[in-house]
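Asks: Sequence and predicted model, in that order:
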Amino acid sequence: MGAIPAREVRATAAAPAAAITVDNLTKRYPVGATSLTALDGVSFDVRDRELVAIVGPSGCGKSTLLKILTGLTAPSAGETRVGGRVTTGPRRDIGAVFQAPLLFPWRTVIENVMLPADVQRLDRAASLRRARDLIDLVGLGEFVDRYPNELSGGMQQRVAIARALVHDPAILLMDEPFGALDAMTRERMNLELKRLWRESHKSILFITHSIPEAVFLASRVVVMTPRPGRVADVVEIDLPSDRGLEAMNAPEFGAYVGRIRAHFGAVGGLD
Ligand code: ADP
């Protein structure tokens, strides 16, 4: 056997690693003398700069998956990799946004956004510049010195998104981030997130109960089964990536929603 030509070696080395790889992940929780299987052989990936959504009913293991990805819980079998590196403990190269914005009421917008930079003792001047840019990016440039109680729910969630990105993480995990917002604010936030995703060049894993939200946002939707959580389907959404809200009225959009909803016909529990 001859040596591999240098060109091929370079091509292999340059192939982009998936931003997130979830590889045959199983999680069992001890319950008395037995155990409860929350995740059972779950595999999928999020490519570099891709936005992937996960939908599944309550109890299908979405929170468990997030805890494993961020390194707060160890899997029973399988592994997760972020940026090609296996997660073995808590890691900081991940930003996370949850359903509640969890802002400190006594800190201003900029002080809230700076929190991860302060905790990680990052360069203060560079972090402040980045925080201001991110606050502009989420449309709150005029509100840097306001306090959370002066902001609407949607604005607070924008602060949480800017905060999740201030330490420039490789990936952004979003767990039902717009679930507590009213329907119209939620639609506006979905549009905003698409813009932010394009402009920030982040890879995003977005968890939601809403099938239309998943189809609107993502290039692929991972459909989970009820407990134990398994991957029932990965649906490639072949719609223009710059789709606006009017895309929701298109027949193809309805067809994707129908295909995903069909998985939950007997279960319900999803929007
Ligand atoms: P989801 O976020 O999709 O609602 P979870 O990951 O919270 O699902 O939970 C998946 C299953 O695992 C549920 O049945 C839940 O009761 C169970 N579970 C979650 N955490 C624990 C735990 N620490 N101990 C025992 N069972 C748990």
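Replies: Okay, I see it.
Asks: Roughly how far does the closest residue to residue 261 other than its chain neighbours sit from residue 253?
Replies: Once flanking residues are discounted, residue 261 sits nearest to residue 211: 5.7 Å by C-beta to C-beta, 6 or more residues apart in numbering. Backbone N, C-alpha and C define where each C-beta goes, glycine included. Here the criterion is C-beta to C-beta, to the nearest Å. By it, residue 211 lies 11 Å from residue 253.
Asks: neighbour count winner among the two?
Replies: Neighbours per residue, other C-beta atoms under 10 Å: of residue 211 and residue 253, the larger number sits with residue 211, 23 against 18.
Asks: From the ligand, how far out is the more buried one?
Replies: From residue 211 across to the ligand, the span is 15 Å (C-beta to the nearest ligand atom, to the nearest Å).
Asks: for residue 159, same thing?
Replies: Distance from residue 159 to the ligand, by C-beta to the nearest ligand atom: 24 Å.
Asks: so what's that residue up against?
Replies: For residue 159, the contact set (C-beta atoms under 8 Å, 6 or more residues apart in numbering) comprises 101, 103, 109, 112-113, 135, 138, 140, 148, 151.
Asks: Show the subsequent helix or strand relative to the longest helix seen in the chain.
Replies: Ranked by residue count under DSSP state H, the longest helix found in the chain is helix 183-200. Sequence order places strand 203-208 as the next helix or strand after helix 183-200, per DSSP states H and E.
Asks: so what strands line up beside that next one?
Replies: Under the criterion DSSP bridges, strand 203-208 sits next to strand 51-55 (parallel), strand 171-175 (parallel) in its sheet.
Asks: Pick the most buried one from these.
Replies: Of those, the one with the most neighbours on average (mean count of other C-beta atoms under 10 Å) is strand 51-55, at a mean of 26.
Asks: Next, see if it gets close to the ligand.
Replies: No. Strand 51-55 is not in contact with the ligand by C-beta under 6 Å from any ligand atom; minimum separation 9.1 Å.
Asks: if we can go back for a sec, looking at the contacts of residue 159, spot the one nearest residue 225.
Replies: Nearest to residue 225 among the contacts of residue 159: residue 101, at 30.3 Å, using C-beta to C-beta.
Asks: about what we covered before: would you mind telling me which of the strands paired with strand 203-208 is nearest residue 221?
Replies: With C-beta to C-beta, the closest approach to residue 221 among the strands paired with strand 203-208 belongs to strand 51-55: 4.9 Å.
Asks: could the strands paired with strand 203-208 go into JSON lines alongside mean pLDDT?
Replies: Output for these, formatted as JSON lines (pLDDT from 0 to 100):
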{"stretch": "strand 51-55", "mean pLDDT": "96"}
{"stretch": "strand 171-175", "mean pLDDT": "94"}
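Asks: Redo these as JSON lines? Include distance to residue 119.
Replies: Converted to JSON lines, the strands paired with strand 203-208 look like this (distance: least, C-beta to C-beta, whole Å):
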{"stretch": "strand 51-55", "distance to residue 119": "27"}
{"stretch": "strand 171-175", "distance to residue 119": "18"}
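Asks: Identify the residues contacting the residue lying closest to residue 225 once chain neighbours are set aside.
Replies: Leaving aside its sequence neighbours, residue 225 sits nearest to residue 232 (C-beta to C-beta, 6+ apart; 4.8 Å). The contact partners of residue 232, by C-beta under 8 Å, 6+ apart, come to 223-225, 263.
Asks: Can you give me the distance of residue 232 to residue 263?
Replies: 5 Å.
Asks: any common contacting residues for these two?
Replies: 223, 225.
Asks: Provide the secondary structure category for the closest residue to the ligand within the stretch 151-271 of the chain.
Replies: Using C-beta to the nearest ligand atom, the single residue of the stretch 151-271 of the chain nearest to the ligand is residue 227, 5.1 Å away. Under DSSP: H, G, I helix; E, B strand; the rest coil, residue 227 falls in the coil class.
Asks: Let me know the pLDDT of the closest residue to it other than its chain neighbours.
Replies: Of all residues not flanking residue 227 in the chain, residue 59 sits nearest, at 5.0 Å (C-beta to C-beta, 6+ apart). Listed pLDDT for residue 59 reads 88.
Asks: in the stretch 101-250 of the chain, which spans are helices?
Replies: 109-113, 115-119, 124-137, 153-165, 183-200, 211-217 (DSSP state H, counting those that start in this stretch).
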